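A.B. asks: Let me see the structure of the following:
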Amino acid sequence: MHRILQEAPGAFTRTFRALDLPFDDPVAVTLLPTDRVDALLRFDTADPASSFLLAVQAQEKEDPARRASWVYSLTRLNVEYGVPPVLLVVCQDRNTAAWAAEPVDIGLPQWPALTMRPLVLGPHNVPALTDPAAAARDILLATLSAITHGKAPEADAVLKALAAGLRAVDRDTASIVIELAELGLGTAPAAQIWRDLMVIEGRLEARTEDILLMLTRRGIEIPDNARHRITSCTDLDTLSAWLTRTLTATSAEDLFADD
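C.D. replies: Coordinates of the predicted model:
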């Protein structure tokens, strides 16, 4: 977890800008313990007055009772940390997103004591990233895209792009993204698609590592272009053929001779 948090300021900056969110760029992001919401992050900015807490809550359906708990949680967080809290609600359908975005007034209709305004992300304002290259460039946005479009017709393509994009990040980050996506998809049918994709990705990764290991043990140099071709391949049959060729190859290019 520590590595993704070290890289999080840049990742969140890209995502904030892509989603046109009105927050200053963070210089540090800290994961805080919580039992009030799904996740709690502290964003410190260059101007301390702009620092804030981000309380993240996944919401699968309308639940009027949840709103009161949100108000209570935000009030407690504000008192506990002395930093303004922002509630981020992540939804998978437009109706739930519209419901969650409604301001919540506490007090008399003619004189509300306070008003809570959640920030809502859903299929209405998060792009559906179906390009693996785009997913690799912004893995955080790709993860949000996968979660918010988990019930959409394009869910399969979005999940496949995220799965491919994981190849561009380190193993620790990939593990976190895999877990976040599965938790965020919840009970949506896309959750099973994601689990199946992760099984395939595991096989691809293992086969790729076998090829690179065999070449290395045989003292064969692996140029960058050959390494990229091997690690970016998403066809198990092709990788199996290349693995077989590592037994007789005299150069990395020999793997691709018959392709």
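
A.B. asks: When you work out contacts or count neighbours from here on, use the C-alpha atoms and nothing else.
C.D. replies: Fine.

A.B. asks: how about the closest residue to residue 230 other than its chain neighbours, phi and psi?
C.D. replies: Leaving aside its sequence neighbours, residue 230 sits nearest to residue 208 (Cα to Cα, 6 or more residues apart in numbering; 6.5 Å). Per-residue torsions, residue 208: phi -60, psi -40 (degrees, to the nearest 10).

A.B. asks: which residues does residue 208 contact?
C.D. replies: Residues in contact with residue 208 (Cα atoms under 8 Å, 6 or more residues apart in numbering) are 230-231, 239.

A.B. asks: And the helices in the stretch 1-150 of the chain?
C.D. replies: With DSSP state H, counting those that start in this stretch as the criterion, the stretch 1-150 of the chain has helices at 2-18, 64-81, 94-100, 132-137, 139-148.

A.B. asks: most packed of those?
C.D. replies: Highest mean neighbour count among these (mean count of other Cα atoms under 10 Å): helix 139-148, with a mean of 28.

A.B. asks: So what would you say the end-to-end distance of stretch 243-258 is?
C.D. replies: For stretch 243-258, the separation between the terminal residues is 13 Å (Cα to Cα, to the nearest Å).

A.B. asks: what comes into contact with it?
C.D. replies: The contact list for stretch 243-258, computed with Cα under 8 Å, 6+ apart, reads 207, 210-211, 214-215, 220-223, 226, 242.

A.B. asks: List just the nearest of these to residue 136.
C.D. replies: Within these, the smallest distance to residue 136 is 19.5 Å, found for residue 226 (Cα to Cα).

A.B. asks: returning to what we had before: can you put the helices of the stretch 1-150 of the chain in a markdown table and add distance to residue 176 and mean pLDDT?
C.D. replies: Compiled in a markdown table, the helices of the stretch 1-150 of the chain are given as follows (distance: least, Cα to Cα, whole Å; pLDDT from 0 to 100):
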| stretch | distance to residue 176 | mean pLDDT |
| --- | --- | --- |
| helix 2-18 | 8 | 70 |
| helix 64-81 | 25 | 92 |
| helix 94-100 | 25 | 95 |
| helix 132-137 | 15 | 91 |
| helix 139-148 | 10 | 92 |
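
A.B. asks: Out of those helices, which gets nearest to residue 172?
C.D. replies: Among the helices of the stretch 1-150 of the chain, helix 2-18 comes nearest to residue 172, with 7.2 Å by Cα to Cα.

A.B. asks: Would you mind putting the helices of the stretch 1-150 of the chain into CSV with distance to residue 32 alongside?
C.D. replies: Below are those laid out as CSV (distance: least, Cα to Cα, whole Å):
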stretch, distance to residue 32
helix 2-18, 11
helix 64-81, 10
helix 94-100, 24
helix 132-137, 26
helix 139-148, 18
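
A.B. asks: for the ones you listed, which one sits closest to residue 55?
C.D. replies: Among these, helix 64-81 comes nearest to residue 55, with 8.0 Å by Cα to Cα.

A.B. asks: by contact count, what packs against the closest one?
C.D. replies: Under the contact definition 3 or more Cα pairs under 8 Å, 6 or more residues apart in numbering; DSSP states H and E, helix 64-81 sits against strand 85-91.

A.B. asks: What pairs with the strand it packs on, parallel or antiparallel?
C.D. replies: In the sheet, strand 85-91 lines up against strand 52-59 (parallel), strand 119-121 (parallel) (DSSP bridges).

A.B. asks: want to throw those strands into TSV with mean neighbour count, distance to residue 193 and mean pLDDT?
C.D. replies: Converted to TSV, those look like this (neighbours: other Cα atoms under 10 Å; distance: least, Cα to Cα, whole Å; pLDDT from 0 to 100):
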stretch	mean neighbour count	distance to residue 193	mean pLDDT
strand 52-59	21	19	92
strand 119-121	23	22	93
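
A.B. asks: would you list those strands in CSV and tack on distance to residue 147?
C.D. replies: Converted to CSV, these look like this (distance: least, Cα to Cα, whole Å):
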stretch, distance to residue 147
strand 52-59, 9
strand 119-121, 10
